[in-house]
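> this one's structure only:
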RNA sequence: GCGCCUCUAGCUCAAUUGGCAGAGCAUCGGACUCUUAAUCCGCAGGUUCUGGGUUCAAGUCCCAGGGGGCGUACCA
């Protein structure tokens, strides 16, 4: 950095600043006054200077804080250090104290009796009208995007509200929030490839969790009857508009409940959030409408396949007959696919994409549901469902498998699939079996992808818009760019031009 | 992974068949006492993502690489 006198203010910014109002509160309290009226009320606000209109003897600034914007009306006659105020840069953080007035043109404003530079910006802010349009820059420099893209700010603040509302809603129903390990010895509880890491002192290979499921059910065994966790999980797979390698999962376990109780819980929670965030249970997503009012339709996977293909399938059908039907629909059949996997593949190929929802797709085949309890009426199926909302899977839930011997057998089946070439088969967790041997009561469990829920409620078309800092490759030349701060910076300009 | 598209000043974008790399905003200097993306005058601002190649001449054409976007595959 330059040592020029012009840079001195950067070392004089205060350590703290007392604010007694927000732009939104001022607008709410005084927005109704007449043009040209003065309130006699003095307020102090702080934020960034986002616009500046210099009239010579009057400077109009626009200050933005986390609640909105207000105009700063600064006449030379009454503004302390008027020269300094008029030489502020767009993007500078300032604190302003002054009377709340409305200008003759009807803009609610603060007329400064004092102002303080809280932090200068040394880099120019983006175009004040266009902001940042390049998605790469928006995600990498979210700290700027949040100021210049109202949509980003609103969506990501809504995400925070959704998390808060969800926690409160669950706590109101006696669920307690817990934190379980992120480092797992075995990647299990879901079908996905994990990230691997290593603990040096223990000389121990570990995986970042792909799901908290098995730990949470250990807690049910331990007597936590209603428990949930909202936390990050990590899956080592592709990135897309719907996938970020780290994402946030809500998982919940409810002792003495079954999957029908979970269905009621999900639709009640989601419609509650829709009302709180969107103001209605009817919301729009993209160019379509979605009615989230309860109850949501329930239909079994086999019923839905029949609806969309006219084919009446059954889990009891001959494996090769199912394989032939699957092939007919374009499924790439692998040797180790049993009837259950074939039915799931047929569903995914023919039916899933046509569903808009909200709808519960129920009674998944046992073969593809290693943690779900056998269906009480239909052998070969389980009491599992997924909710499809806006054409996407929103959650996965089931009556939990409680029998340790059966669970052991399912894990062994998974290991056999892994051996047969299924890279994402679920890992064997023997301690979890031991926990089940102590007795897991009847339990309903649920997993909701929070990012997708936020996408739904904020009408976002990519997951990157609901994640503050989505996973990206490292920026090319990043270090050089940072090192060049002093040469391209606003703060370095005055000494170069004024000495000429 | 694969396919298609894209990358030019801090930001938003131009640049004809291959012919001197430009504008607006921001910044800097100047004018202006009610502006609303203020306006007006002026200065400055570039490794055209990188590296090769073709050509008298490349932002433009070719090859390789990098970043990003979209689609597809896997999944939540």
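That came through fine. Predicted model, so just to flag it, every value in this text is computed and none were measured.
> my read: residue A:113 touches residue A:96, true?
No - the criterion here is C-beta atoms under 8 Å, and residue A:113 misses it with residue A:96 at 9.0 Å. Any C-beta I mention is one placed from the backbone N, CA and C, and that applies to glycine too.
> which one of those two is surrounded by more residues?
residue A:96 (25 against 14; other C-beta atoms under 10 Å).
> which of the three states applies to the nearest residue to that one once chain neighbours are set aside?
Leaving aside its chain neighbours, residue A:96 sits nearest to residue A:115 (4.7 Å; criterion: C-beta to C-beta, 6 or more residues apart in numbering). Three-state call for residue A:115 (DSSP: H, G, I helix; E, B strand; the rest coil): strand.
> how close does residue A:115 get to RNA strand B?
16 Å (C-beta to the nearest atom of the strand, to the nearest Å).
> what's the domain layout of chain A?
Taking automatic domain parsing as the reference, chain A has its domains at A:23-119, A:150-296+A:357-465.
> need these in JSON lines with distance to residue A:475 and mean pLDDT, can you?
What follows is the domains of chain A, written out as JSON lines (distance: least, C-beta to C-beta, whole Å; pLDDT from 0 to 100):
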{"stretch": "domain A:23-119", "distance to residue A:475": "21", "mean pLDDT": "96"}
{"stretch": "domain A:150-296+A:357-465", "distance to residue A:475": "15", "mean pLDDT": "94"}
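> for the stretch 251-400 of chain A, just list every one of the helices.
Using DSSP state H, counting those that start in this stretch, the helices of the stretch 251-400 of chain A run over A:259-278, A:301-309, A:319-328, A:339-350.
> pick the most deeply packed of the ones you listed.
helix A:339-350 (a mean of 21; mean count of other C-beta atoms under 10 Å).
> which helices and strands sit right next to that helix?
For helix A:339-350, the packing partners by 3 or more C-beta pairs under 8 Å, 6 or more residues apart in numbering; DSSP states H and E come out as helix A:301-309, helix A:319-328.
> out of those, nearest to residue A:466?
helix A:301-309 (28.5 Å; C-beta to C-beta).
> work out the gap between the lengthiest strand in chain A and the centre of the chain.
Among the segments of chain A that qualify as a strand by DSSP state E, the longest is strand A:38-54. Put simply, strand A:38-54 sits 33 Å off its chain's centre (C-alpha atoms, centre = their mean, to the nearest Å).
> parallel or antiparallel, list what pairs with that strand.
Next to strand A:38-54 in the sheet, as set by DSSP bridges, lie strand A:58-65 (antiparallel), strand A:93-102 (antiparallel).
> look at the residue nearest to residue A:269 when sequence neighbours are not counted and say how many residues are nearby.
Ranked by C-beta to C-beta, 6+ apart and with sequence neighbours excluded, the top spatial neighbour of residue A:269 is residue A:169, at 5.9 Å. The number of residues packed near residue A:169 is 16, by other C-beta under 10 Å.
> are we agreed that residue A:169 is in a strand?
No - assessed by three-state DSSP, residue A:169 does not belong to a strand; its assignment is helix.
> OK, contacts around the residue nearest to residue A:96?
Neighbour list for residue A:115: A:72, A:74, A:79-81, A:85, A:94-98 [criterion: C-beta atoms under 8 Å, 6 or more residues apart in numbering].
> for those residues, which ChimeraX command selects only the ones that are buried?
Burial among the contacts of residue A:115 is assessed by 16 or more other C-beta atoms under 10 Å; the matching ChimeraX selection reads:
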select /A:72,74,79,85,94,95,96,97,98
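> distance to residue A:362 for the contacts of residue A:115 - can I get that in JSON lines?
Formatted as JSON lines, these follow (distance: C-beta to C-beta, whole Å):
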{"residue": "A:72", "distance to residue A:362": "59"}
{"residue": "A:74", "distance to residue A:362": "64"}
{"residue": "A:79", "distance to residue A:362": "68"}
{"residue": "A:80", "distance to residue A:362": "69"}
{"residue": "A:81", "distance to residue A:362": "69"}
{"residue": "A:85", "distance to residue A:362": "65"}
{"residue": "A:94", "distance to residue A:362": "58"}
{"residue": "A:95", "distance to residue A:362": "57"}
{"residue": "A:96", "distance to residue A:362": "59"}
{"residue": "A:97", "distance to residue A:362": "61"}
{"residue": "A:98", "distance to residue A:362": "62"}
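> if I look at the spatially most central residue of chain A, how far off is residue A:462?
Central residue of chain A (C-alpha atoms, centre = their mean): residue A:451, 3.5 Å from the mean position. The gap separating residue A:451 from residue A:462 is 10 Å, by C-beta to C-beta, to the nearest Å.
> what is the burial count for residue A:19?
Residue A:19 has 14 nearby residues by other C-beta under 10 Å.
> please confirm that it is located within a helix.
No - counting by three-state DSSP, residue A:19 falls outside a helix, being coil.
> next, it: phi, psi?
phi -110, psi 140 (degrees, to the nearest 10).
> wait, it touches residue A:44, no?
Yes - with contact defined as C-beta under 8 Å, residue A:19 reaches residue A:44; the gap is 5.5 Å.
> common neighbours of these two, please.
Joint contacts of residue A:19 and residue A:44 (C-beta under 8 Å, 6+ apart) are residue A:95.
> residue A:397 is nearest to which of the helices of the stretch 251-400 of chain A?
Of these, nearest to residue A:397 by C-beta to C-beta is helix A:259-278, at 4.6 Å.
> and for the residue of the stretch 151-300 of chain A at minimum distance from RNA strand B, the neighbour number?
Relative to RNA strand B, the nearest point of the stretch 151-300 of chain A is residue A:238 (2.8 Å; C-beta to the nearest atom of the strand). Neighbourhood size, residue A:238 [other C-beta under 10 Å]: 7.
> for beta bridges, what are the partners of residue A:64?
Residues in beta-bridge contact with residue A:64 (DSSP bridges): residue A:48, residue A:69.
> anything in the longest strand of chain A near RNA strand B?
Yes - counting by C-beta under 7 Å from any atom of the strand, RNA strand B has neighbours in strand A:38-54: A:51-54.
> picking up where we left off before, was I right to think the residue nearest to residue A:269 contacts residue A:270?
No - assessed by C-beta under 8 Å, residue A:169 is found out of contact with residue A:270, at 10.3 Å.
> quick one: mean pLDDT over stretch A:318-336.
The average pLDDT within stretch A:318-336 is 90.
> residues contacting that stretch, please?
A:309, A:311, A:313, A:337-339, A:342-343, A:345-346, A:349-350, A:416-417, A:420-422.
> now with 7 Å, please.
By C-beta atoms under 7 Å, 6 or more residues apart in numbering, the surrounding residues in contact with stretch A:318-336 are A:311, A:313, A:337-339, A:342-343, A:345-346, A:349-350, A:417, A:420.
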